[in-house]
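**Q** Need the 3D shape of this:
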Amino acid sequence: FRIIDSVDVTTWQGCRDKAILEVLYGCGIRVSEAVGLKVSGLYFAEGFVRVIGKGNKERLVPLNDMAAESLKAYLDRRPESASAELNDVVFLNRFGRPLSRQSMFKMIKTQALLSDIRKEISPHTFRHSFATHLVEHGADLRVVQEMLGHESVTTTEIYTHIDTSTWH
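**A** Down below sits the predicted model:
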């Protein structure tokens, strides 16, 4: 992914932004789930993250090596949180407060421009790519449904643009 490679990781913000992009793509989580990600929900040794999805539902999502490495690199350089109750928040802004959904959207738009991507791109694009790549490489649709936190497999089918009517 050109956009991930375009991030300048010489700053803590760059490390954070790369970690966000790796997590969005590598875990297929919603932007709201990325914003709400907790340090206590990162299980590096076990290879998964715990996210709180729609309807306050908790789910465990696999964490690939690239996303894990980017998260570790960011956490090593992450600034002090603004207050003790924010210590568990993974993604912080320059004031030590939780990064907002809007900030993530803006960062992705900026990185897309910097990497010369001219089509419309958003945090959701990474989730869609995650799901589509899994299905295209033979992952079971029900497993993908579980990872995405979809109530219905129909949502996952629509989401990945896979036409199951031709399956035998």
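**Q** The protein: strands as residue ranges?
**A** 42-43, 48-52, 58-62 (DSSP state E).
**Q** pLDDT weak spots in the chain?
**A** 1, 159-168 (pLDDT under 70).
**Q** which helix in it runs the most residues?
**A** Longest helix of the chain, by residue count under DSSP state H: helix 12-27.
**Q** Which residues does that one contact?
**A** 1, 3-4, 7-9, 29, 31, 34, 37, 49, 51, 61-64, 66-67, 70-71, 73-74, 76-79, 91-92, 94, 99, 104, 107-108, 111, 123, 126-127, 129-130, 147 (Cβ atoms under 8 Å, 6 or more residues apart in numbering). Every residue, glycine included, has its C-beta placed from N, CA and C.
**Q** Check the chain and tell me which residue is nearest its centre.
**A** Leu24 (1.8 Å; Cα atoms, centre = their mean).
**Q** With adjacent residues omitted, what lies nearest to that residue?
**A** With sequence-adjacent residues excluded and distances taken as Cβ to Cβ, 6 or more residues apart in numbering, Leu24 is closest to Phe126, at 3.7 Å.
**Q** Give me whichever of the strands of the chain is most buried.
**A** Of the strands of the chain, the one with the most neighbours on average (mean count of other Cβ atoms under 10 Å) is strand 48-52, at a mean of 19.
**Q** and the angle from it to strand 58-62?
**A** Here strand 48-52 points in a direction 150 degrees away from that of strand 58-62 (axes from the mean of the first three to the mean of the last three Cα atoms, to 10 degrees).
**Q** Could you pull up the contacting residues of Leu92?
**A** Contacts of Leu92 (Cβ under 8 Å, 6+ apart): 16, 78-79, 81, 86, 98-99.
**Q** could I get the strands of the chain as TSV with distance to Asp140?
**A** As requested, the strands of the chain are arranged in TSV below (distance: least, Cβ to Cβ, whole Å):
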stretch	distance to Asp140
strand 42-43	23
strand 48-52	18
strand 58-62	14
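**Q** of these, which approaches Ile117 most closely?
**A** With Cβ to Cβ, the closest approach to Ile117 among the strands of the chain belongs to strand 58-62: 25.2 Å.
**Q** Partner strands of the closest one and their direction?
**A** strand 48-52 (antiparallel) (DSSP bridges).
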